[in-house]
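Participant: model this:
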Amino acid sequence: MSFTGSCACGAVTATISAEAPVAVRQCWCRQCQQVAGGGAANNAIFPTDSVAITGELATHAYTAASGNILTHSYCPKCGTPVMAQTSARPHFRTMRLGFLNVGHGLAPNAAIWTSDAPPWAAIDPALEQFEGQPPAPPPPPAS
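Facilitator: The predicted structure follows:
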């Protein structure tokens, strides 16, 4: 299976050749809440070499609570969040589920940075939960 994505205006698109993501997570860190407009950011992590982006991206980088540099990428025309990348794992791209085209079939299986979630957050108790930074996903298999 491959995945595709598009921003709201269509200026940025992606094709992801990976069979499946290495992880699908819901992030409640404060920075992700800001990017997501108040709730959690929902993300699928793919090997970098499986992600092909077309169109212009704008970025914003900062030091995250983990101590790593986190770079958010988004469409400069419509503002749709596209992906993030951490300096700790350049071999992965964290794609926003809302950027992926409908029908991707992905859902978070873990909630991370739950200690930053607001008191009203409804976190599915069936999800594996981490109060802070979870263990890194395994590296992608060698090609």
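
Participant: for Gly55, which non-adjacent residue is closest in space?
Facilitator: Once flanking residues are discounted, Gly55 sits nearest to Val12: 3.7 Å by Cβ to Cβ, 6 or more residues apart in numbering. Yep, even glycine has a C-beta here, placed from its N, CA and C like the rest.

Participant: the one you found: how many residues sit nearby?
Facilitator: 25 (other Cβ atoms under 10 Å).

Participant: what residues of the helix or strand of the chain with the lowest mean pLDDT count as buried?
Facilitator: Ranking every helix and strand in the chain by mean pLDDT, DSSP states H and E puts helix 30-35 at the bottom, with a mean of 89. Residues of helix 30-35 classed as buried by neighbour count (16 or more other Cβ atoms under 10 Å): 31-33, 35.

Participant: quick one on the thing from earlier: for Asn109, see how far away the residue nearest to Gly55 is.
Facilitator: For Val12, the distance to Asn109 equals 26 Å [Cβ to Cβ, to the nearest Å].

Participant: who's in contact with Gly5?
Facilitator: By Cβ atoms under 8 Å, 6 or more residues apart in numbering, Gly5 lies in contact with 13-14, 16, 82, 95, 99-101.

Participant: assumed it was part of a strand.
Facilitator: Yes - assessed with DSSP: H, G, I helix; E, B strand; the rest coil, Gly5 lies in a strand.

Participant: ok, what's across the strand from it?
Facilitator: Per DSSP bridges, the residues bridged to Gly5 are Ala14, Leu100.

Participant: and it, how far from Arg89?
Facilitator: 20 Å.

Participant: repeat that for Leu70.
Facilitator: 11 Å.

Participant: how about low-confidence regions in the protein?
Facilitator: 1, 140-143 (pLDDT under 70).

Participant: which residues in it form strands?
Facilitator: 3-6, 13-16, 23-27, 41-47, 51-54, 58-63, 69-74, 81-86, 92-96, 110-112, 128-129 (DSSP state E).
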